[in-house]
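Asker: Build me a structure from this.
(chains A and B, ligands or ions: 2)
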Amino acid sequence: MNTAIETVRSVTGTYKYGFVTDIESETAPKGLNEGTIRFISAKKNEPGWLLDWRLRAYRHWLSMPEPKWAKVSFPPIDYQDSYYYSAPKTKDGPKSLDEVDPELRRTYEKLGIPLHEQEKLSGVAVDAVFDSVSVATTFRKQLAEHGVVFCSISEAVETHPELVRKYMGSVVPYTDNKHATLNSAVFTDGTFVYIPPGVRCPMELSTYFRINAKNTGQFERTLIIADAGSYVSYLEGCTAPMRDENQLHAAVVELIALDEAEIKYSTVQNWYPGDAEGRGGIYNFVTKRGACRGHHSKISWTQVETGSAITWKYPSCILQGDYSVGEFFSIAITNNRQQADTGTKMIHLGRNTRSRIVSKGISAGHADQTYRGLVRMGPRAAGARNHTQCDSLLIGGTCGAHTVPYIESRNRTATVEHEATTSKISDDQLFYCRQRGIPEETAVALVVNGFCREVLQQLPMEFAVEAQKLVGISLEGSVG
Amino acid sequence: MLEIRNLHARVQDAEILKGLDLSIGPGEVHAVMGPNGSGKSTLSYVLAGRDGYEVTEGTVRFRGRDLLELDPEERAGEGVFLAFQYPVEIPGVANTTFLRESLNAVRRYRGEPELDAIKFLKVLRERARKLGVADDMLKRAINVGFSGGEKKRNEVLQMALLEPALAVLDETDSGLDVDALRTVADGVNALRSPDRSMLVITHYQRLLHYIVPDVVHVLMGGRIIRSGGAELALEVEEKGYGTYVGEAA
Ligand SMILES: Nc1ncnc2c1ncn2[C@@H]1O[C@H](COP(=O)(O)OP(=O)(O)OP(=O)(O)O)[C@@H](O)[C@H]1O
Ligand SMILES: [Mg+2]
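Answerer: Numbering: from 1, shown residues only, chains lettered A, B, ... in the order given. Ligands and ions are numbered 1, 2, ... in the order given. Take a look at the predicted model:
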């Protein structure tokens, strides 16, 4: 069994993306005050309404207590000991991919993210966000031909202010929670996507987030709007260098699906998890929420969470439109001293809304993991249905897994089903594999893979490969 | 091929094997019979290298090598195969995926090239057909929800794929209906060859009717107390183990 733990450690524990890019950057003065916010807003040439919104958020933030309900523990965050803006120095910002700093380009190459459009093989359009700013967005021309807007959020504020103003904060208001409020005050960049009515986005869209600078928080905001009858699949990946101190990542993601629109949002989160003793690593405090505003709309979250020292996130769906559908597929792997409190919220407001939750938690070492899920059936949600499947796999005897379901139903015709299991990788399984010549390390991966299969199948092909490498597992269903 | 000398092994704190001797030559099929709890499965686990089965004395040589110093996966690579008395379920892992992983792991160990998906499927389908294993069973998660007989059949399919030098079959006949018994026995017989040895653990003379052994052993009290030809199996079935009690002491 000890070797099994070693193996998981070797699968998840050695962090390949821990290098630092040596690049000159421009930073805001350390600390957080109204000056910082004005600095960021000025850097981005923002209109007055946005600065006002940020300042309102900041003032509200000052009055908010730290959230305490999650099952994670860490020393109080010193918000004054961090930088809130860091951008690679450039004169004007790159106009084309060729103008992207070669050092940055090399960084993304090392991470396996092609910024070169010639690298068609991936067939994925990428928005690369480095520390506080978006450094490159690929395939824009092709996308524009379909009317798809795919750009950094700073750019969208300039080019599509009406959309940004209408939708930003409409799913996650700036008063939502301490981390989201902070994000609203100091967000620096992120991705904006708009899919026009009836358009099926011709390729996967993806954002790759990289924290590089020291002592810098990353506060990106993503806003995706799928207009009536449209479809988009969006992928998000993230890594950070290995550093001894903790870094705060407080992102906000808002999705809006109008009538009959569908958004598929996939994340492979691999922020630096800290070392084996729990030193360093990213605090990943993220607010992700989607609103199924239209009838028959659908939002599907898939996440593979392997990184971060602490993960605190609950991608959620507000099912407003009648017959709308929300899905949440999650794999969370925690090892060493990692802590994760993750899950989802499915808020059923419309009639005949449906939601499905599949959560797979794998815990090893001294890690602690909690699934926290809320299913709420509102008074109008006649005929609404939810099914939740929540499975935990423990490796070794020193880790923990907890399941905390909250179910609130205010409509008698709504049904909620919840199933939960906890299991261990058994010695029998490992011995059986090894007797068949499969080395222990592969055997663990195989068993874990089988455990996660339902969720892995949800990932788009391009990402499944990365997820498979990450979890150290070979993909099911590739044969036979 | 296999040379076991004075083997003592313990599980937890109990000594289960107490000086077991057994040699199997190339191409030979040996049967082991013995009462419940006499240590037959323990012997198979010791040969396969399972953790927790501690050898306290004695030696096991396999094709000239000290088998006991190898890890389970190395033994598999060297050609030791164990058909489990209780095959293990692995949820979510398709039988096909598992079998390919296994075959390629063994091939890698032997320095042979791995089979790509297409070649592998071809080989697998052919072997599966011979053993009456349905396509549907190849796609399902390994052993999950398989009936007792299907599990046993699946074990023999794995053996047919891996082509081991030494196959240990632990009660592979238990739970098989008459037809399945014949198919499985045919499968096993098809694998009989001058460079493959087999150790067949069973409670029933019935199986030995189909797979005719060269030698039959009776295992009792942690040792082989009797060895003989195929007729020994008949004697055991007729008289029971009681007659040998004195010899086991
Ligand atoms: N893990 C274990 N812990 C404790 N005792 C064990 C363990 N494994 C085996 N034993 C004991 O060792 C003895 C031999 O068991 P073994 O499974 O080898 O018997 P067997 O001959 O295969 O029996 P059967 O015919 O019922 O399959 C039994 O008394 C059993 O209870
Ligand atoms: Mg047995």
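Asker: who are the neighbours in contact with the residue in chain A sticking out farthest from the centre?
Answerer: Residue farthest from the centre of chain A, counting by C-alpha atoms, centre = their mean, is A:Q435 at 39.2 Å. By C-beta atoms under 8 Å, 6 or more residues apart in numbering or on different chains, the contact set of A:Q435 is B:48, B:72-73, B:75-76, B:81-82, B:84. No exception for glycine: its C-beta is placed from N, CA and C like everyone else's.
Asker: Now residue 65: closest residue in space that isn't a chain neighbour?
Answerer: Looking at chain A here, since you left the chain open. In space, A:P65 comes closest to A:K178 once its chain neighbours are excluded; the distance is 7.3 Å by C-beta to C-beta, 6 or more residues apart in numbering or on different chains.
Asker: Switch to chain B, please.
Answerer: The nearest residue in space to B:R65 (C-beta to C-beta, 6+ apart) is B:E78, at 6.9 Å.
Asker: That neighbour against B:A165, yeah?
Answerer: Yes: using C-beta atoms under 8 Å, B:E78 makes contact with B:A165 at a distance of 7.3 Å.
Asker: shared neighbours, the two?
Answerer: Joint contacts of B:E78 and B:A165 (C-beta under 8 Å, 6+ apart) are B:R63.
Asker: now the residue farthest from the centre of chain A: how far from ligand 1?
Answerer: Using C-beta to the nearest ligand atom, to the nearest Å, A:Q435 is found at 16 Å from ligand 1.
Asker: again with B:D179
Answerer: Distance from B:D179 to ligand 1, by C-beta to the nearest ligand atom: 24 Å.
Asker: Check which element follows the helix or strand harbouring that residue along the chain.
Answerer: If you go by DSSP states H and E, B:D179 is part of helix B:178-191. Later in the chain than helix B:178-191, the nearest helix or strand by DSSP H and E is strand B:197-201.
Asker: What strands line up against that next one, and which way round?
Answerer: strand B:29-33 (parallel), strand B:166-170 (parallel) (DSSP bridges).
Asker: Can you name the next helix or strand after the first one?
Answerer: Going down the chain from strand B:29-33, the next helix or strand is helix B:40-48, by DSSP H and E.
Asker: helices and strands around the helix or strand hosting A:F150, which ones?
Answerer: Secondary structure assignment for A:F150, by DSSP H and E: strand A:149-152. Strand A:149-152 is packed against strand A:124-130, strand A:133-137, helix A:140-145, helix A:153-159, strand A:191-195, with contacts defined by 3 or more C-beta pairs under 8 Å, 6 or more residues apart in numbering or on different chains; DSSP states H and E.
Asker: ok, and the closest non-adjacent residue to B:V55?
Answerer: The nearest residue in space to B:V55 (C-beta to C-beta, 6+ apart) is B:A9, at 5.1 Å.
Asker: Number of residues surrounding that neighbour?
Answerer: 22 (other C-beta atoms under 10 Å in any protein chain shown).
Asker: and what of A:I153?
Answerer: With other C-beta under 10 Å as criterion, A:I153 counts 24.
Asker: got a list of what it touches?
Answerer: A:134, A:164, A:187, A:189-192, A:220-223.
Asker: Need the pLDDT of it.
Answerer: pLDDT for A:I153: 89.
Asker: do the same with A:P241
Answerer: 57.
Asker: Next to ligand 2, which bits of chain B? Give me the list.
Answerer: B:40-41, B:85 (C-beta under 5 Å from the ion).
Asker: Swap in 6 Å and give it another go.
Answerer: By C-beta under 6 Å from the ion, the residues of chain B that approach ligand 2 are B:40-41, B:85, B:170.
Asker: Now do residue 27: how many residues are near it, please.
Answerer: Chain wasn't specified; assuming chain A. Residues near A:T27, counting by other C-beta under 10 Å: 18.
Asker: Chain B, not that one
Answerer: When neighbours are counted by other C-beta under 10 Å, B:G27 comes out with 14.
Asker: Quick check, it in contact with B:D195.
Answerer: Yes: if you go by C-beta under 8 Å, B:G27 and B:D195 touch, sitting 6.6 Å apart.
Asker: and the spatially closest residue to A:K30 that is not a sequence neighbour, what pLDDT?
Answerer: Spatially, and ignoring its direct neighbours in sequence, A:K30 is nearest to A:Y83 (5.5 Å; C-beta to C-beta, 6+ apart). A:Y83 is assigned 77 on the pLDDT scale.
Asker: How about B:H217?
Answerer: 96.
Asker: One more: B:S193?
Answerer: pLDDT at B:S193 comes out at 93.
Asker: Tell me who's in contact with it.
Answerer: B:G27.
Asker: How about the one 3 residues further on?
Answerer: The contact partners of B:R196, taken as C-beta under 8 Å, 6+ apart, are B:26-27, B:163-167.
Asker: same question, A:G437
Answerer: A:G437 neighbours (C-beta under 8 Å, 6+ apart): B:73, B:76-77, B:102-103, B:105-106, B:109, B:162.
Asker: you'd agree it is in a helix?
Answerer: No: with DSSP: H, G, I helix; E, B strand; the rest coil as the criterion, A:G437 is assigned coil and is not in a helix.
Asker: Check the gap between A:G198 and B:L199 for me.
Answerer: Separation of A:G198 from B:L199 (C-beta to C-beta, to the nearest Å): 68 Å.
Asker: Neighbour count: these two, which is higher?
Answerer: B:L199 (24 against 13).
Asker: which residues in chain A form helices?
Answerer: A:2-8, A:34-43, A:48-62, A:102-110, A:140-145, A:153-159, A:161-167, A:178-186, A:427-435, A:440-456, A:461-471 (DSSP state H).
Asker: Can you point out the buried residues in the longest one?
Answerer: It refers to helix A:440-456. For helix A:440-456, burial by neighbour count (16 or more other C-beta atoms under 10 Å in any protein chain shown) applies to A:440-456.
Asker: before we move on, what about the fifth one?
Answerer: Buried residues in helix A:140-145, counting neighbours by 16+ other C-beta under 10 Å, are found at A:140, A:143.
Asker: what's it in contact with?
Answerer: So helix A:140-145 is in contact with A:125, A:149-151, A:201-203, A:205, going by C-beta under 8 Å, 6+ apart.
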